[in-house]
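Enquirer: coords please:
(chains A, B, C and D)
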Number of protein chains: 4
Amino acid sequence: MKTLSTTTIPRRNDETHKGDYGRILLIGGNANMGGAIMMAATACVYSGSGLITVATHPNNHAALHSRCPEAMVIDMNDTKTLTQHIESVDCILIGPGLGCDFKGNNAITFLLQNIQEHQTLIIDGDAITIFSKLKPQLPNCRIIFTPHQMEWQRLSGIEIADQTPERNLEAARELNATIVLKQHGTELYFEENTYKLSIGTPAMATGGMGDTLAGMITSFVGQFDNLEDAVTSATYIHSYIGEELSKTMYVVPPTSIINEIPRAMKQLEE
Amino acid sequence: MKTLSTTTIPRRNDETHKGDYGRILLIGGNANMGGAIMMAATACVYSGSGLITVATHPNNHAALHSRCPEAMVIDMNDTKTLTQHIESVDCILIGPGLGCDFKGNNAITFLLQNIQEHQTLIIDGDAITIFSKLKPQLPNCRIIFTPHQMEWQRLSGIEIADQTPERNLEAARELNATIVLKQHGTELYFEENTYKLSIGTPAMATGGMGDTLAGMITSFVGQFDNLEDAVTSATYIHSYIGEELSKTMYVVPPTSIINEIPRAMKQLEE
Amino acid sequence: MKTLSTTTIPRRNDETHKGDYGRILLIGGNANMGGAIMMAATACVYSGSGLITVATHPNNHAALHSRCPEAMVIDMNDTKTLTQHIESVDCILIGPGLGCDFKGNNAITFLLQNIQEHQTLIIDGDAITIFSKLKPQLPNCRIIFTPHQMEWQRLSGIEIADQTPERNLEAARELNATIVLKQHGTELYFEENTYKLSIGTPAMATGGMGDTLAGMITSFVGQFDNLEDAVTSATYIHSYIGEELSKTMYVVPPTSIINEIPRAMKQLEE
Amino acid sequence: MKTLSTTTIPRRNDETHKGDYGRILLIGGNANMGGAIMMAATACVYSGSGLITVATHPNNHAALHSRCPEAMVIDMNDTKTLTQHIESVDCILIGPGLGCDFKGNNAITFLLQNIQEHQTLIIDGDAITIFSKLKPQLPNCRIIFTPHQMEWQRLSGIEIADQTPERNLEAARELNATIVLKQHGTELYFEENTYKLSIGTPAMATGGMGDTLAGMITSFVGQFDNLEDAVTSATYIHSYIGEELSKTMYVVPPTSIINEIPRAMKQLEE
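Expert: Numbers count the residues shown, from 1 in each chain, chains lettered A, B, ... in the order given. From the prediction side, this is the model:
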């Protein structure tokens, strides 16, 4: 297991436009937990994605635009429009604030029917819980799960106490997916390599922190060619900002992390 | 009566997650006074609570998420969902912007029927006025009232001119509750100890300041083991920030206090 | 005509609470022009008013709370609730974003039927235009009009080219009202004294600047004993902040002014 | 083709008021893409326009006011109110977030029927695409198109690879319109002169950047007498801010650009 203790961000080429930095679809936010997808969306914008659509409950549209006018919104339950967007994007994140009821189930089932091989799917939060229950056949695209330890237990069947690097890697390979296992010293499992994050702080132990990370990973994967570099960079920078802010803040609200993403990426630019 | 003139905040342990810092339910905010519960909720997030649900009038959901995406929202009048949340949290705050009409009464009656012994209940603002009228039997959990002087008169029956430390303590003991008596030189009454705050400023004499304090107390109680330490720390830091800001601000809007909580807690970390 | 070139703000006494700094009602903001009353309300909060209720079109409630949780909201067209609030406040501002249609007319007629002698009424924007048309009998309370030159022409009948200090003072006395005549070098007409503001900048020539001033005047009048001092101070500080900001900003958005009010008041504290 | 490598902003005269800095109407923002018109509107306010009305889907009103209380709002589909506003303004921007469906078509058709010779029309985003399809007769007013390369291909019929300065100028003259051709090294085509922008950065390759520029151009044209100076200045300052911010930010969110407009204009004031 390699130690993940630094990263570099690729320089942007001059002759590029917003379409070169990923078309993103974020699915989540029911009537009660809309804030989660708002944080994921804003993290995505501040990480550099050029074109972001958020499929969420209509109750969340006004607050989302109030926080993040850069994103477009659609009704999560409008399947016709949702299909159009699923077809036209590069990366899809599902999960933040999705809820675990039948509407959440439906969104996942619907997504799996429409996702295509060339796309990347990031599965976070409630969507992991639903996946663990439904156990649907995984699509043939690149898949990233971002569980915390209890969600990983549900998904992999490995109890928290037994979550060793060896067993985790084995489970990740069975799923044929990348795993970002969020914990004190977050671990990343790719097909070949595994990493353990050397930084992080309990000041980041607060609601919305995972939604923010999911938004960053989605944005980085949509933006950078190498999936492993994208996931490790996003995870590293998320904790890098948290550690920096925790020097002066007892707790680091996720919205504070988000605001710092563009500056942290610049500092770590190659 | 001890002088409350400093405090320290416990250091967080590395091996912790958001669930370790309290599950909080805030109940308040009718169709007219939603801002109160928004300030309480944001104060709660910035004080370090990991999981916060706000039960409030649906009119307030968009503005709350616009200010504070870290919190979840439910409809205050959806008793089924409210019951589920009452059952699953550690601390409950009721009162900010609740209103004194029958809906406010109903929320309190409903809460008292469902609250459990191991929980902590913080009663603020309109909820104190309703308690003073209804005089319901108090539940067997830990209870904190946060009245200003007129609310304390209503609750204790002691007229403002007669509110001496001795009589206040006696009344607090009869209620079997902690009292945070907000005034110039706020007083705190615990079972054994009483404190008088040595700091504070009339620049804090503005609407929403009490809602902010209620949110901080709720967060601290949910986060730290010792209730007395939690309440004294929250009360001290609230005025500490106010005093600091009042050096350059004639009036200190509550939202300015809230933004500074993470930095003030860090400064006072043990 | 005295030159208004400085001011001082009274120090707050320690033994005070939010109720000592004025109960304020702001009436304005139809379905299209809600931003005006939002800026007035926020200016009122940042000027130090403790208790502020905004009567406005329900469409504006979410955005108002999103910007300014410290204020309470009511539906401008709910006459029963509006009556209760008119009866219980010290100062009333009517006009920002009110609109000049029958609903605006109704609000003014209704207000005049319910206002009481001990209150202060500030009349701004569209409310001035409606007053100029309806020519209702003015109530027996203290009245302040805050017209720009065209509104003053409508109200006083004096054409802009003929608006000399002498004629303006005469018209102000006939109205038995204080006049804040907004122009390059704003003029103030009280019963005895008249003032001309020595500061100001064309960087402040932008929409919402008058709404901000109206909110400040209302707050100051509700907070300070002497009406003349309150109006001159509010007017001076509004331009003082504008001038300071214009050193680095080509145009000064009203929301930038508002944020600086507490600091400017502190600088000018006696 | 001249190199556009600096600009100056005219000083404001003391004896002016908000009416002197342009009456602006912005049309755009359907139910899904409201953020685009919010960014255009805020850019317009921060560029110095005094009176701004935004015609947009009612879903967007709350979020728009939450971000930008300085603007007024109307329902884009309320043709009676829209007509009144079209008649009374100096500059009209149509396009950001408009959508390409029949509602977008209707808005453009309706606008063309009502626009007057003395006005200036700025056509951006989806409105360019609709123009390219409908090929309506252009009105006799001053017209500015702000296409990116693909939109310019649609509008002019010139494929991206063939978009040389000569052919672009010829097409611009045929359209009898000013063209702001957004690309790495943005090009501007006026009746006589053509310019190429010497600054810019791929950190600006993000969604909403074009909406921000459209808002700035509209504001500058409404504010300054010389159209060519207005368009070149707005375009230059937009990239000037982006370049400055990109020194410390990997990606520059449009909202960051907007906040800096008043300071950048002051720095470049003549």
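Enquirer: Please enumerate the strands of the stretch 51-200 of chain A.
Expert: Listed in chain order, the strands of the stretch 51-200 of chain A (DSSP state E, counting those that start in this stretch) span A:51-56, A:72-75, A:91-94, A:120-124, A:142-146, A:178-181, A:187-189, A:194-197.
Enquirer: Show me what the longest one is packed up against.
Expert: Using 3 or more Cβ pairs under 8 Å, 6 or more residues apart in numbering or on different chains; DSSP states H and E as the contact criterion, the elements in contact with strand A:51-56 are strand A:23-27, helix A:34-47, strand A:72-75, helix A:79-88. Placement of C-beta: from N, CA and C, glycine included.
Enquirer: Tell me which of the strands of the stretch 51-200 of chain A sits nearest to D:Ser132.
Expert: For D:Ser132, the closest of those is strand A:51-56, at 20.6 Å, according to Cβ to Cβ.
Enquirer: interface residues of chain A facing chain C?
Expert: Residues of chain A lying close to chain C (Cβ under 8 Å from any Cβ of the partner chain) are A:62-63, A:66.
Enquirer: contacts with chain D among these, please.
Expert: Restricting the residues of chain A next to chain C to those near chain D by Cβ under 8 Å from any Cβ leaves A:62-63, A:66.
Enquirer: can you pull out the helices in chain A?
Expert: Secondary structure of chain A (DSSP state H): helices located at A:34-47, A:61-67, A:79-88, A:102-114, A:126-134, A:149-156, A:165-175, A:209-223, A:227-246, A:254-267.
Enquirer: quick revisit: distance to chain B added to the ones next to chain D among the residues of chain A next to chain C, as CSV?
Expert: Output for these, formatted as CSV (distance: Cβ to the nearest Cβ, whole Å):
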residue, distance to chain B
A:Ala62, 5
A:Ala63, 4
A:Ser66, 4
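Enquirer: and the residues of chain A next to chain C, which are buried?
Expert: With burial judged by 16 or more other Cβ atoms under 10 Å in any protein chain shown, the buried subset of the residues of chain A next to chain C is A:62-63, A:66.
Enquirer: what's the nearest residue to the one residue in the stretch 101-250 of chain A that gets nearest to chain C if we skip its chain neighbours?
Expert: Closest residue of the stretch 101-250 of chain A to chain C, Cβ to the nearest Cβ: A:Gly208 (18.2 Å). Sequence neighbours aside, A:Pro254 is the residue nearest to A:Gly208 in space, at 3.8 Å (criterion: Cβ to Cβ, 6 or more residues apart in numbering or on different chains).
Enquirer: before we move on, the earlier item: can you add pLDDT and distance to A:Asn30 and give the residues of chain A next to chain C back as CSV?
Expert: Output for these, formatted as CSV (pLDDT from 0 to 100; distance: Cβ to Cβ, whole Å):
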residue, pLDDT, distance to A:Asn30
A:Ala62, 98, 16
A:Ala63, 98, 13
A:Ser66, 98, 19
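Enquirer: okay, these in a markdown table with distance to B:Thr16 next?
Expert: Shown next, in a markdown table, are those (distance: Cβ to Cβ, whole Å):
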| residue | distance to B:Thr16 |
| --- | --- |
| A:Ala62 | 35 |
| A:Ala63 | 30 |
| A:Ser66 | 32 |
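Enquirer: ok, back up a step: ok, the buried ones among the residues of chain A next to chain C vs D:Ala172, which is closest?
Expert: A:Ser66 (38.0 Å).
Enquirer: So the closest one sits against D:Ser66, correct?
Expert: Yes. Checked against Cβ atoms under 8 Å, the pair A:Ser66 and D:Ser66 is within contact range at 4.2 Å.
Enquirer: between the two, what contacts are shared?
Expert: Common neighbours of A:Ser66 and D:Ser66 (criterion: Cβ atoms under 8 Å, 6 or more residues apart in numbering or on different chains): B:66, C:63, C:66.
Enquirer: Show me which residues of chain A are close to chain D?
Expert: A:9, A:12-18, A:20-21, A:45-53, A:61-66, A:68-74, A:81, A:261-263, A:265-266, A:269.
Enquirer: Can you pull up the most central residue in chain A?
Expert: Chain A has A:Ala214 as the residue nearest its centroid, 2.0 Å off, counting by Cα atoms, centre = their mean.
Enquirer: wait, what's in contact with that residue?
Expert: A:40, A:43, A:93, A:95-96, A:122, A:124-125, A:146.
Enquirer: Which residue is the nearest non-sequential neighbour of it?
Expert: That would be A:Asp124: by Cβ to Cβ, 6+ apart, it lies 4.0 Å from A:Ala214.
Enquirer: In the stretch 151-270 of chain A, where is pLDDT below threshold?
Expert: In the prediction, the stretch 151-270 of chain A carries no residues with pLDDT under 70.
Enquirer: how deep is the residue in it that chain C sits nearest to tucked in, by neighbour count?
Expert: Taking Cβ to the nearest Cβ as the measure, the point where the stretch 151-270 of chain A comes nearest chain C is A:Thr255, at 14.4 Å. By other Cβ atoms under 10 Å in any protein chain shown, 19 other residues sit near A:Thr255.
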